[in-house]
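Engineer: Predicted model follows, preceded by the sequence.
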2 protein chains.
Amino acid sequence: MKFRVEKNLKSEDLLNFIDEALKKRAFLILNACCRVEYKGRAVSRLGLGERTVIIKSDGSFLIHQNVNLEPVNWQPPKTKFKVELDNDKVIITGSRQKPKEKLEVKIYTAYVSSYHIGTDTKSLELAGYEQDMVDLVYKNPEIIENGFRATSTEYSTSNGFIDILGKDKNGNLMILEFKSRRAGVNAVKQLKRYIDNFLDHKKQVRGLLVAPSVTDEALELLEKYELEFKELEPPRELEKDKSLTLDFFSRNE
Amino acid sequence: MKFRVEKNLKSEDLLNFIDEALKKRAFLILNACCRVEYKGRAVSRLGLGERTVIIKSDGSFLIHQNVNLEPVNWQPPKTKFKVELDNDKVIITGSRQKPKEKLEVKIYTAYVSSYHIGTDTKSLELAGYEQDMVDLVYKNPEIIENGFRATSTEYSTSNGFIDILGKDKNGNLMILEFKSRRAGVNAVKQLKRYIDNFLDHKKQVRGLLVAPSVTDEALELLEKYELEFKELEPPRELEKDKSLTLDFFSRNE
DNA sequence: CATTAGATTTCGGCA
DNA sequence: TGCCGAAGTCTAATG
């Protein structure tokens, strides 16, 4: 993860810092004394106080006070930002069309300014469990194919973590990407990015998408990239969930 | 504002850092590679990835990915925390009773760790709510139509509370239902339920949906039920602007 | 303390 | 793109 952290930036430096973060589409966090104004779906004003300002890489804009789960002011993804200096104070303006709205933060003092660029390819699994499939295959590699051996899990690359890295019976490197539900083109693209990390590998590298099913588009892309698909249902977790839940509840009593 | 920032803390130091922040009831922010598990109202799992973990002074617990306004996992205020070392990895567990739930973050690498203790006494001033519309009409009934008089607000029925009950210039009972945004079919259905409470009324009962706009489906339903629509924008002024008294109090920040 | 309605709801799915 | 419905909704107000 790349990051930069600065303390007590002066206005001009803060302006440049924020500009840099926005340009890099980083995840920006400011601890600052500020005023906030919002106009759009409603109108609101927040007087001087110390808050945490966050701008995400997708243009989400959040201002958090010290209390409450919800941000006191915010703007959804795809917000467009403008940063400027006004009377030696940095003003961040987030604008959106449809609905037309604007969120303005006037920064009086910035205590901690930081941004980072992180990789996070995993999405939340509420029902199906990718991890269970990975565990299952890691413990029972023969499920994939005869002679397959899993060598490592969560292998780190610049494009994220490879679920399982292994070798087939001929010693060829195998990269396995798991999906607990019907896999789409995104899953194939992800797998392709992992493969690209091993382009200079001596031996052949096989990419394998493991999922209960794939969309037609994904299948086409797999063929184009010369990647493979292995059908595998996620293990039925009902029993396990029940025991885990019971365990959790009984533990705290 | 008091704060402390550390980069690339080792597990043991991270553990102490978090402990310190919790003890001081500070606002804690971690940029870390982690796994997340939640059990309670639902069950969820989030594989390895780089995220931003936040613990507020009131015990709010948020885990943000690089995208989306909403946290991917969270726990409301008053969450109780436990921090421990497991296999050289820091695990933060946030627990709550009622509902019984638990959020667990396993930290593999902490890039930036920071906490701060800030002062923020101001609360949000907000305008543009449904209530503002109701207040406006109650004080200025002529907005609705010539001769309209508002007789009561929050009139209780078996189907809920009627926003405004009044009479038109001919003495017909009028039921007003307010929406601060574009009204849909649900708003019309609700108005219809209120009307049904007065089916045995001697005089004619007029149902009026008051909103900035309506969907086409809602308009159709209004016609079907023989109800009316009155276009009205919610007032977009803060109390501060309207009231001299409030202005006086808020002047000394 | 339980219930309820409103929200700058957000978010995903589907037409 | 727009509308509908769900959400671990959250939050403030009210009985």
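Structural biologist: It's in. Numbering: from 1, shown residues only, chains lettered A, B, ... in the order given.
Engineer: If you count neighbours, what's buried in the helix or strand hosting A:Tyr38?
Structural biologist: A:Tyr38 belongs to strand A:27-39 when assigned by DSSP states H and E. Within strand A:27-39, the residues that count as buried by 16 or more other Cβ atoms under 10 Å in any protein chain shown are A:27-38. C-beta: built from backbone N, CA, C; applies to glycine.
Engineer: Name the strands paired with that strand and say parallel or antiparallel.
Structural biologist: strand A:43-55 (antiparallel), strand A:101-117 (antiparallel) (DSSP bridges).
Engineer: how far does the shortest one sit from the chain's center?
Structural biologist: Translated: strand A:43-55. 25 Å (Cα atoms, centre = their mean, to the nearest Å).
Engineer: The strand holding A:Tyr38 and DNA strand C in contact?
Structural biologist: Yes: Strand A:27-39 is in contact with DNA strand C by Cβ under 7 Å from any atom of the strand, via A:Tyr38.
Engineer: Rounded mean pLDDT for that strand, please.
Structural biologist: For strand A:27-39, mean pLDDT is 97.
Engineer: and if you look at stretch A:224-233?
Structural biologist: 89.
Engineer: quick one on the thing from earlier: now the strand holding A:Tyr38 - C-alpha only, PDB.
Structural biologist: Extracted as PDB, the C-alpha positions of strand A:27-39 are listed here (Å, rounded to 0.1, in the frame of the first residue of the first chain):
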ATOM      1  CA  PHE A  27      -8.300   7.600  -0.300                       C
ATOM      2  CA  LEU A  28      -7.900  10.900   1.500                       C
ATOM      3  CA  ILE A  29      -8.400  11.500   5.200                       C
ATOM      4  CA  LEU A  30      -8.100  14.800   7.000                       C
ATOM      5  CA  ASN A  31      -8.400  15.600  10.700                       C
ATOM      6  CA  ALA A  32      -9.200  19.200  10.600                       C
ATOM      7  CA  CYS A  33     -11.000  22.100  12.200                       C
ATOM      8  CA  CYS A  34     -13.600  23.200   9.700                       C
ATOM      9  CA  ARG A  35     -17.000  24.600   8.800                       C
ATOM     10  CA  VAL A  36     -19.300  22.700   6.500                       C
ATOM     11  CA  GLU A  37     -22.200  23.800   4.300                       C
ATOM     12  CA  TYR A  38     -24.500  21.700   2.200                       C
ATOM     13  CA  LYS A  39     -27.100  22.800  -0.300                       C
END
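Engineer: Name the helix or strand for the closest residue to A:Leu232 other than its chain neighbours, please.
Structural biologist: If the residues on either side of it in the chain are set aside, A:Leu232 comes closest to A:Val210, at 5.1 Å by Cβ to Cβ, 6 or more residues apart in numbering or on different chains. Following DSSP H and E, one finds A:Val210 within strand A:205-211.
Engineer: by how many degrees do whichever strand or helix holds A:Glu217 and strand A:205-211 diverge?
Structural biologist: Element membership of A:Glu217, judged by DSSP H and E, is helix A:216-225. Following axes from the mean of the first three to the mean of the last three Cα atoms, to 10 degrees, one obtains 170 degrees for the angle between helix A:216-225 and strand A:205-211.
Engineer: ok, and does helix A:216-225 reach over to DNA strand C?
Structural biologist: No: for helix A:216-225, no contact with DNA strand C is found by Cβ under 7 Å from any atom of the strand; the gap never falls below 15.0 Å.
Engineer: buried set for that helix?
Structural biologist: A:218-219, A:221-222.
Engineer: Downstream of it, the next helix or strand is which one?
Structural biologist: Per DSSP H and E, the first helix or strand lying C-terminal to helix A:216-225 is strand A:228-231.
Engineer: Could you export that next one as PDB, CA atoms only?
Structural biologist: Provided in PDB are the C-alpha atoms of strand A:228-231 (Å, rounded to 0.1, in the frame of the first residue of the first chain):
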ATOM      1  CA  GLU A 228      -9.900 -22.500 -17.800                       C
ATOM      2  CA  PHE A 229     -13.100 -23.000 -15.800                       C
ATOM      3  CA  LYS A 230     -13.700 -25.500 -13.100                       C
ATOM      4  CA  GLU A 231     -17.300 -25.900 -11.900                       C
END
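Engineer: can you map out the strands along the stretch 151-253 of chain A?
Structural biologist: A:160-167, A:173-178, A:205-211, A:228-231 (DSSP state E, counting those that start in this stretch).
Engineer: Reformat those strands as TSV; add mean neighbour count and distance to A:Tyr115.
Structural biologist: Shown next, in TSV, are those (neighbours: other Cβ atoms under 10 Å in any protein chain shown; distance: least, Cβ to Cβ, whole Å):
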stretch	mean neighbour count	distance to A:Tyr115
strand A:160-167	22	20
strand A:173-178	23	29
strand A:205-211	22	33
strand A:228-231	16	38
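Engineer: do you know which of those lies nearest DNA strand C?
Structural biologist: With Cβ to the nearest atom of the strand as the measure, strand A:205-211 is the member of those nearest DNA strand C (15.2 Å).
Engineer: isn't the residue nearest to A:Leu232 right next to A:Arg181, touching?
Structural biologist: No: here A:Val210 lies out of contact with A:Arg181, judged by Cβ atoms under 8 Å, at a distance of 12.0 Å.
Engineer: quick one on the thing from earlier: and the strands paired with strand A:27-39 as JSON lines, adding mean pLDDT?
Structural biologist: Formatted as JSON lines, the strands paired with strand A:27-39 follow (pLDDT from 0 to 100):
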{"stretch": "strand A:43-55", "mean pLDDT": "96"}
{"stretch": "strand A:101-117", "mean pLDDT": "98"}
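Engineer: residue contacts, the residue nearest to A:Leu232?
Structural biologist: A:133, A:137, A:144, A:163, A:176-179, A:229-230, A:232 (Cβ atoms under 8 Å, 6 or more residues apart in numbering or on different chains).
Engineer: List the contacts of the closest residue to A:Ala183 other than its chain neighbours.
Structural biologist: Once flanking residues are discounted, A:Ala183 sits nearest to A:Ala211: 3.9 Å by Cβ to Cβ, 6+ apart. By Cβ under 8 Å, 6+ apart, the contact list for A:Ala211 reads A:178-183, A:187, A:229, A:231-232.
Engineer: nearest to DNA strand C, of those residues?
Structural biologist: Checking these one by one against DNA strand C (Cβ to the nearest atom of the strand), the nearest turns out to be A:Arg181, at 8.9 Å.
Engineer: ok, how many other residues are close to the closest one?
Structural biologist: 14 (other Cβ atoms under 10 Å in any protein chain shown).
Engineer: now do A:Gln204
Structural biologist: A:Gln204: 11 neighbours (other Cβ under 10 Å).
Engineer: Touching, it and A:Ile175? I think so.
Structural biologist: No: taking Cβ under 8 Å as the definition, A:Gln204 is not a contact partner of A:Ile175, at 11.5 Å.
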